[in-house]
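In: The following comprises the amino acid sequence and a computationally predicted model.
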Amino acid sequence: MAKGIIYLMDTCVDGLVKIGKTGVDNFQSRMANLERDGYRRIGVLKREFAIEVEDYDEKEKLIHEIFSKSRVGDSELFSIDINLVKQLMTSLEGRVVYPEDETKTDIFEQATEVVQSKNGIIPNGKYKLRIKNSISKEYASATMEILEGKITVKAGAVLAPLTTLSVKGWIAKRDTLNIKGNIVQEDFDCNSPSMAAAIVCGRNQDGWHAWKNAEGKPIDIYRQKAISGIDE
C-alpha cells in the first residue's frame with residue numbers, strides 16, 4: 001500500500017476548508033504552493049493538520065465521501081466546521097506531520113472542545129478565573145464572556161508567566177496580545193475555554209474546571225448536563 005499524507009487546510013472564507021493528499025516527499029512544497037498561490041480562486045490557505053498514512057489515496061476518498069454533502073462542486077473544498085474534520089482525521093492510524101510536536105490525542109481533544117463550545121453548551125454570561133501560580137506565587141485572573149458560543153476574554157486579564165504552555169497556536173495567540181506589565185489591554189477571542197485559560201495561566205490548563213460561574217461552580221457542570229441530557 002502506498003504511503004502518503006492527507007492534509008487539512010483552512011481558507012479565508014469562514015467555514016470553508018480544503019482536504020487533500022500529497023506524497024511524503026512533496027508535502028512541504030505542496031503546502032508552500034497552496035499557501036502562496038491559493039486554490040480555485042481562494043487566495044489564502046493555511047495548513048491546519050496533516051497525517052502520514054498507508055493507502056492514502058483510498059483514505060482521502062473515504063474522507064471526501066463521508067463529507068460529500070458538504071463538498072463544493074468537484075473541488076477539494078468543503079463547507080464544514082474544520083474541527084469536525086480534525087476529529088475524523090485524528091482517528092486515522094498514522095504519524096502526525098503537522099502540527100509538529102502535537103499528538104493526535106491532543107489535537108482531537110482540542111477539536112472536540114471547540115465543537116462543544118460552539119454548540120451552546122455554556123450559557124451566555126460572564127465567568128471568572130483566579131489561579132495561583134506555583135512558581136511566581138502570583139494570581140492569574142480573568143473574566144471570560146460567552147455570547148452565543150463566542151468566547152471573549154475581557155481586557156484587564158492578569159496573565160501568569162509563560163511556563164509549560166505547549167500548544168503552538170495558543171502561544172502565538174498570546175504573543176499577539178497588547179500587554180502592559182502582565183495586564184491585557186484589550187478583549188481577545190478564543191476558540192475554547194481551555195485555550196482561554198491556558199493563555200491567561202501561561203500553561204496547559206483544563207478550562208472546563210478553571211472557569212467558574214457566579215455560584216463558584218466550574219463550567220464543566222454544563223458539559224456534564226449536556227452529556228447526560230439533563231436540563232438545567
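Out: Now that the structure is in, tell me what you want to look at. Numbering: from 1, shown residues only.

In: okay, CA-based contacts and neighbour counts for the rest of this
Out: Fine.

In: Can you show me the helices along this structure?
Out: All helices of the chain, identified by DSSP state H, fall at 27-37, 56-66, 82-89, 104-118, 168-175, 193-201, 207-210, 220-228.

In: Could you dump those helices into a markdown table with mean pLDDT and distance to residue 14 added?
Out: Below are those laid out as a markdown table (pLDDT from 0 to 100; distance: least, Cα to Cα, whole Å):
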| stretch | mean pLDDT | distance to residue 14 |
| --- | --- | --- |
| helix 27-37 | 92 | 16 |
| helix 56-66 | 94 | 19 |
| helix 82-89 | 92 | 10 |
| helix 104-118 | 83 | 14 |
| helix 168-175 | 90 | 18 |
| helix 193-201 | 94 | 20 |
| helix 207-210 | 94 | 25 |
| helix 220-228 | 82 | 26 |
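
In: Can you tell me which of those is most buried?
Out: Most buried of those, by mean neighbour count (mean count of other Cα atoms under 10 Å): helix 193-201, with a mean of 26.

In: which helices and strands does it pack with?
Out: strand 139-147, helix 168-175, helix 207-210 (3 or more Cα pairs under 8 Å, 6 or more residues apart in numbering; DSSP states H and E).

In: Please identify which of these is closest to residue 30.
Out: helix 168-175 (21.4 Å; Cα to Cα).

In: Now do the closest one: everything it contacts.
Out: With contact meaning Cα atoms under 8 Å, 6 or more residues apart in numbering, helix 168-175 is reached by 165, 195, 198-199.

In: Tell me which of the helices and strands packed on helix 193-201 lies nearest to residue 38.
Out: Between residue 38 and the helices and strands packed on helix 193-201, the shortest gap by Cα to Cα is with helix 168-175, which sits at 21.8 Å.
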